[in-house]
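> The following block contains a protein sequence and its predicted model.
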Amino acid sequence: MSDSILRLDDVRIAHRHTGEEIVHGVSLELHPGRVTGIVGESGSGKTLTCRAVLGILPRLFEISGGRIELFGRDIAGFTDRDWQQVRGAGITAVFQDPGSYLNPSLRIGPQLAEPLRVRGGLTRRQAKTRVLELLVDVRLREPAKVFRSYPHELSGGMLQRVLIASAISLEPKLLIADEVTTALDVTVQADVLDLLTDLTASHDLALVVVSHDLAVVAQICDDVLVLRDGAVVEQGPTERILFAPEHEYTRLLIDEHSTYGLDRYRTAEVVPGV
Ligand SMILES: Nc1ncnc2c1ncn2[C@@H]1O[C@H](COP(=O)(O)OP(=O)(O)O)[C@@H](O)[C@H]1O
Ligand SMILES: [Mg+2]
């Protein structure tokens, strides 16, 4: 389809030396403003799949089958220059541990401003204004104060918002959020998920949300893909997966949640707007 942002067609990932296949054929298609979730327990191949899309697979691994298209173009033919163009401006990612992606010795504001100046071509003053707007966009309450802060002065939830601000600063079309809420308290987790949902609408972002936690994925995704040991066990609209799971493994993931949280999301699905 013409407006497809991301398309995976039977993507396989294998160990480069042993030839062992780790991811056994993932297919999905993502359009602007849509949210797809990838859920599965730790080690099921979620992060490798994301890294394949981002062109940053660990050296030991290779795409051994299928194809990945970004903006309608097969990434197999991408040059370094194509990747440079597409990263940041086209696709971007946020991972679990925000602290490790920030320079601890630099204040937040200048760190966020740098790519806006270097890659976005803004002046110093324009970049500062834009960073402050972005900090508001990600609902940080005291943007000017955050701008002047060092990473260690902010909480985990605030840092994750800063990373999200940084990720959207060059107006990407696709954001990959890999376990972004995993290290956060449940209430902060819900806020960050709300924020991501709003951003998909306000920035017309396509979003891939990756989590080991079905409740996280269920809360904001239109479609869900359930991965187990590198194989897709089930995929489809979130409601269908939640209410009429076809696979035993999906039922297991749902049951794990019956005691804490998922029921809330399921109820919310039934009564929209409540
Ligand atoms: N850098 C790496 N070196 C060696 N093995 C890895 C590396 N990254 C992932 N793996 C292996 O690949 C499999 C899938 O990992 P991953 O995609 O990180 O799973 P998930 O994100 O679902 O937890 C796991 O068995 C993991 O041990
Ligand atoms: Mg992972």
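That came in fine, so what should we check first? Residues are numbered from 1 along each chain as shown. Ligands and ions are numbered 1, 2, ... in the order given.

> Which parts of the stretch 51-200 of the chain are strands?
Secondary structure of the stretch 51-200 of the chain (DSSP state E, counting those that start in this stretch): strands at 61-70, 73-74, 91-94, 174-178.

> Same list (these) but as CSV, adding mean neighbour count, distance to Asp137 and mean pLDDT.
Where you see a C-beta, it was placed from the backbone N, CA and C, and this is true even at glycine. What follows is the strands of the stretch 51-200 of the chain, written out as CSV (neighbours: other Cβ atoms under 10 Å; distance: least, Cβ to Cβ, whole Å; pLDDT from 0 to 100):
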stretch, mean neighbour count, distance to Asp137, mean pLDDT
strand 61-70, 17, 24, 97
strand 73-74, 12, 29, 95
strand 91-94, 22, 14, 93
strand 174-178, 23, 13, 96
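
> Please report how far Val162 lies from ligand 1.
Val162 sits 23 Å away from ligand 1, taking Cβ to the nearest ligand atom, to the nearest Å as the criterion.

> Point to the residue nearest the middle of this structure.
Ala177 (1.7 Å; Cα atoms, centre = their mean).

> what ranges do the helices span in this structure?
Secondary structure of the chain by DSSP state H: the helices cover 46-54, 80-86, 108-118, 124-137, 143-148, 156-168, 186-202, 214-220, 238-243, 248-257, 262-270.

> Deepest in the core, which of the ones you listed is it.
Per residue and on average, the most neighbours among the helices of the chain fall to helix 214-220, with a mean of 25 (mean count of other Cβ atoms under 10 Å).

> Can you name the residues of the stretch 51-200 of the chain sitting close to ligand 1?
Residues of the stretch 51-200 of the chain lying close to ligand 1 (Cβ under 6 Å from any ligand atom) are 58, 60.

> my guess is Ala144 contacts Leu132, does it?
Yes: at 6.8 Å, Ala144 counts as touching Leu132 under the criterion of Cβ atoms under 8 Å.

> ok, now which ones touch the nearest residue in space to His203 that is not next to it in sequence?
Excluding the flanking residues, the one nearest His203 by Cβ to Cβ, 6 or more residues apart in numbering is Ile168, at 6.0 Å. Contact analysis of Ile168 by Cβ atoms under 8 Å, 6 or more residues apart in numbering lists 92, 134, 137-138, 175, 199, 203, 205.

> again with Thr36
Counted by Cβ under 8 Å, 6+ apart, Thr36 has contacts 28, 30, 207-209, 221-225.

> circling back: name whatever forms a beta bridge with the residue nearest to the centre of the chain.
Here Ala177 sits in beta bridges with Val94, Val209, going by DSSP bridges.
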